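Visitor: dropping the sequence and predicted coords here.
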Amino acid sequence: MKLFCPIAIALVMSIPAVHAQNYGVKTLPAPAADSLSFRINKGFNLGVSLGGSYVFGRLYEAGISPIDNKMYLDPARRSAFLMSTALAIPLSKGELGGSYFRKYDERGHVYGPVYFVPYGLYLVATVNLATFHDAMGGGVFNQRVDGGLGLGYRLNRDLMLSLTFEKLSIRQPRSFLFDYAGQIIPVNGQPLTALDAADNSYFKTNYFSSLAIKLIYLFNKPQP
């Protein structure tokens, strides 16, 4: 009985998975696609991008030494790993190739038009997920969000490489803190013992230009 239960559960769980494989999209070879008259070029794609970014400009991190309560200012890393949403719009019409596909139903029958995904150059716009989420809390149209524009090269139906020029929001020490480098910061006659980057009295948000190289996974399933 103990052995039967896991097997039964596995069989039940596998039924939806097998059924889910019976509908979706099907890739077509070019000759088969050319034989059909009604084709639709996919005009744009949404996706998720992952990659590295390098900031143009000096960055600093500030803190208080636990030994003597003196403030220190150290150069911060100018590179970071980012996750962003991406919008990709083709600049070519398939001169560098592409792929064709059609939708098919739960019975495995194809239907509807042929969709064409061009490869090659794309215009890419990105928005940083973390700052977009924070901006939504205060009304996205009243907040700045991190993001940028650039070019992408579509490798296949799902993946693209991109190079984008972006603006990033980074918390930095306020200018007066530089005067206290290596010194104790007095507060009401007592030395300051900690600095919090979220404290607007000592830190502010600056926007820096950056260059990012990312790999984009594209959501390209046609809508029913």
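Guide: Received the coordinates, thanks.
Visitor: any idea how far A197 lies from R144?
Guide: Distance of A197 to R144, computed by C-beta to C-beta, to the nearest Å: 17 Å. All C-beta atoms are positioned from the backbone trio N, CA, C, and that covers glycine.
Visitor: more crowded one of those two?
Guide: Comparing A197 with R144 by other C-beta atoms under 10 Å, the one with more neighbours is A197, at 15 against 12.
Visitor: wait, isn't that one in contact with R174?
Guide: No: counting by C-beta atoms under 8 Å, A197 stays clear of R174, with 11.2 Å between them.
Visitor: list residues touching both of the two?
Guide: F203 (C-beta atoms under 8 Å, 6 or more residues apart in numbering).
Visitor: which helix or strand in the protein has the lowest average pLDDT?
Guide: helix 4-20 (a mean of 39; mean pLDDT, DSSP states H and E).
Visitor: what is the neighbour count of Y60?
Guide: 15.
Visitor: isn't it up against R174?
Guide: No: judged on C-beta under 8 Å, Y60 makes no contact with R174 at a distance of 10.8 Å.
Visitor: residue boundaries of the helices in the chain?
Guide: 4-20, 30-34, 129-137 (DSSP state H).
Visitor: find the residue closest to D158 in space, skipping its chain neighbours.
Guide: Nearest residue to D158 in three dimensions, chain neighbours excluded: L218, at 5.7 Å (C-beta to C-beta, 6 or more residues apart in numbering).
Visitor: state the distance from that neighbour to V124.
Guide: 11 Å.
Visitor: mutual contacts of those two, please.
Guide: 86, 88, 160.
Visitor: hang on, the second one packs against Y153?
Guide: No: using C-beta under 8 Å as the test, A88 is too far from Y153 to be in contact (10.3 Å).
Visitor: so what sits against both of these two?
Guide: 122, 160, 162.
Visitor: any idea what the first one is bridged to?
Guide: Beta bridges link Y122 to P90, G152, judged by DSSP bridges.
Visitor: so it sits against A86, correct?
Guide: No: using C-beta under 8 Å, Y122 is not in contact with A86; the gap is 9.6 Å.
Visitor: quick one: low-confidence ranges for the protein?
Guide: Filtered on pLDDT under 70, the chain yields the residue ranges 1-43, 94-96, 101-102, 111, 130-143, 220-224.
Visitor: what is the end-to-end distance of stretch 153-161?
Guide: With C-alpha to C-alpha, to the nearest Å applied, stretch 153-161 spans 5 Å between its terminal residues.
Visitor: so which of A88 and Y153 has more stuff around it?
Guide: More crowded of A88 and Y153, by other C-beta under 10 Å: A88, with 24 against 15.
Visitor: contacts only, for the more buried one.
Guide: Each residue near A88 by C-beta under 8 Å, 6+ apart is listed here: 44-47, 122-124, 152, 154, 160, 162, 216, 218.
Visitor: out of the residues you listed, who's nearest K103?
Guide: Among those, N45 lies closest to K103 (C-beta to C-beta), at 16.3 Å.
Visitor: what is the burial count for the closest residue to that closest one other than its chain neighbours?
Guide: Leaving aside its chain neighbours, N45 sits nearest to L218 (4.4 Å; criterion: C-beta to C-beta, 6+ apart). Number of residues near L218 (other C-beta under 10 Å) recorded here: 23.
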